[in-house]
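Undergrad: Next comes the sequence, and after it the predicted model I'd like to discuss.
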Amino acid sequence: MRAMVGISCCNKPFGLFGTPNHAASDSYVRCTLGPVGGVPVLLPAAGEALVPDILPRLDGLILTGSRSNVHPDHYEGPAHAEGTPEDPLRDATTLPLIRAAIASGLPLLAICRGFQELNVALGGSLDQRIQDLPGRLDHSTPSDQKLPKVRTGKAHAVRVATDGMLARIWSQAALPWRPEGVAVNSLHNQGIQRLAPRLVPEAWAPDGTIEAVHVADAPGFVLGVQWHPEYDWEEDALSRALFEAFGAAAAAWAEGRRPGSEARRLAAA
Ligand SMILES: N[C@@H](CCC(=O)NCCCC(=O)O)C(=O)O
């Protein structure tokens, strides 16, 4: 039986009357059905009350990207500039979900906004427009960019630590990769400002922006990336390998090989 993989939804106004809907991009459904090898389950932005009931039913969790931004109140940041998209219902759902998932060992893959939520959930903070900071690149891609693959195409390289999860995943998959430069796409304005205490950085953009992290002493698979592997896994083996590694962790969770389960079974014997 395939793993059940939760996919975080945004709460967005839709249609003529701007009716609130819970939505996630098809790209997350497709990568879950594809290289992850799981069954996608959309998780509504229904607040913290959702967490105790949904978490035990999941075998993995993907935190999705979004144009909206984590509210600065969650990291004592300055108010957003007028018109900056926010999604308080999503924040109220994903931040407690992240803490509970990590504590339980549930496999977690955090992408872009999800990467930023991971940092905030564990006590870090965000810069809100890194392109306005001295010496920093513009990591955003014009949302009106309609040329296929330009908006989601490779935008810059990242330097990758040789002792992190990315290195382990790509080396175990026997993929060719260069620690000094892995090409990634880039669709974000915000970025990690203060790194959360338990997060370990393992990839950096040329301007020093942290682009990937893992959680020190996490009982399970936890990986966060600022870029979007869901946009190019079909042609990019490194992106595909990230989903396959996450999928293997979710499959093990589904089969009951949860971290510590052997000890619990023996203790119960
Ligand atoms: N809003 C945050 C996070 C950026 C992000 O998740 N981008 C994805 C946008 C939707 C898409 O094109 O897939 C920021 O701006 O940093």
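TA: In hand now; what should we look at? Residues are numbered from 1 along each chain as shown.

Undergrad: what's the neighbour count on residue 236?
TA: 17 (other C-beta atoms under 10 Å). The way it works is simple: take the backbone N, C-alpha and C, and place the C-beta from them, glycine included.

Undergrad: What sits closest to it if chain neighbours are left out?
TA: The shortest distance from residue 236 to any residue other than its chain neighbours is 7.3 Å, reached at residue 229 (C-beta to C-beta, 6 or more residues apart in numbering).

Undergrad: May I have the residues that are in contact with the one you found?
TA: By C-beta atoms under 8 Å, 6 or more residues apart in numbering, residue 229 lies in contact with 31, 111, 236, 238-240, 242-243.

Undergrad: same thing with residue 131?
TA: Contacts for residue 131 (C-beta under 8 Å, 6+ apart) come out as 137-140, 189.

Undergrad: Could you do residue 233 as well?
TA: By C-beta under 8 Å, 6+ apart, the neighbours of residue 233 are 31, 34-35, 239-240, 242-243.

Undergrad: ok so, going back, from residue 62, how far out is the residue nearest to residue 236?
TA: Noted for residue 229: a distance of 11 Å to residue 62, by C-beta to C-beta, to the nearest Å.

Undergrad: Backbone dihedrals for the closest residue in space to residue 57 that isn't next to it in sequence, both of them.
TA: Leaving aside its sequence neighbours, residue 57 sits nearest to residue 4 (C-beta to C-beta, 6+ apart; 6.5 Å). Recorded main-chain torsions at residue 4 are phi -90, psi 120, according to degrees, to the nearest 10.

Undergrad: Export stretch 56-75 to CSV, keeping only CA atoms.
TA: Backbone C-alpha positions of stretch 56-75 (Å, rounded to 0.1, in the frame of the first residue of the first chain) are rendered in CSV as follows:
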residue,chain,number,x,y,z
PRO,A,56,-1.1,9.9,12.8
ARG,A,57,-2.8,9.2,9.5
LEU,A,58,0.1,10.5,7.3
ASP,A,59,3.3,8.7,6.2
GLY,A,60,4.9,11.9,5.0
LEU,A,61,4.4,15.7,4.7
ILE,A,62,5.2,18.1,1.9
LEU,A,63,5.1,21.8,2.7
THR,A,64,4.5,23.6,-0.5
GLY,A,65,5.6,26.9,-2.0
SER,A,66,3.3,29.9,-2.3
ARG,A,67,3.3,33.5,-3.3
SER,A,68,2.0,34.3,0.2
ASN,A,69,4.4,34.9,3.1
VAL,A,70,4.7,33.8,6.7
HIS,A,71,3.2,36.6,8.8
PRO,A,72,6.0,38.6,10.5
ASP,A,73,4.3,38.2,13.9
HIS,A,74,5.6,34.6,14.0
TYR,A,75,9.2,35.8,14.0
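
Undergrad: Now that stretch: average pLDDT?
TA: For stretch 56-75, the mean per-residue pLDDT is 98.

Undergrad: How about stretch 221-238?
TA: The predicted confidence, averaged over stretch 221-238, sits at 98.

Undergrad: for stretch 140-160, same thing?
TA: What stretch 140-160 shows for mean pLDDT is 82.

Undergrad: One more: stretch 15-31?
TA: For stretch 15-31, the mean pLDDT works out to 97.

Undergrad: Any idea how far that stretch is from the middle of the chain?
TA: Mean-position distance between stretch 15-31 and its chain equals 17 Å (C-alpha atoms, centre = their mean, to the nearest Å).

Undergrad: Quick one: end-to-end distance for it.
TA: When the termini of stretch 15-31 are compared using C-alpha to C-alpha, to the nearest Å, they are 27 Å apart.

Undergrad: could you pull out the strands for the chain?
TA: 4-8, 10-14, 19-23, 39-43, 60-63, 108-111, 126-127, 154-160, 182-185, 191-192, 199-204, 210-215, 222-225 (DSSP state E).

Undergrad: Done for today, thanks.
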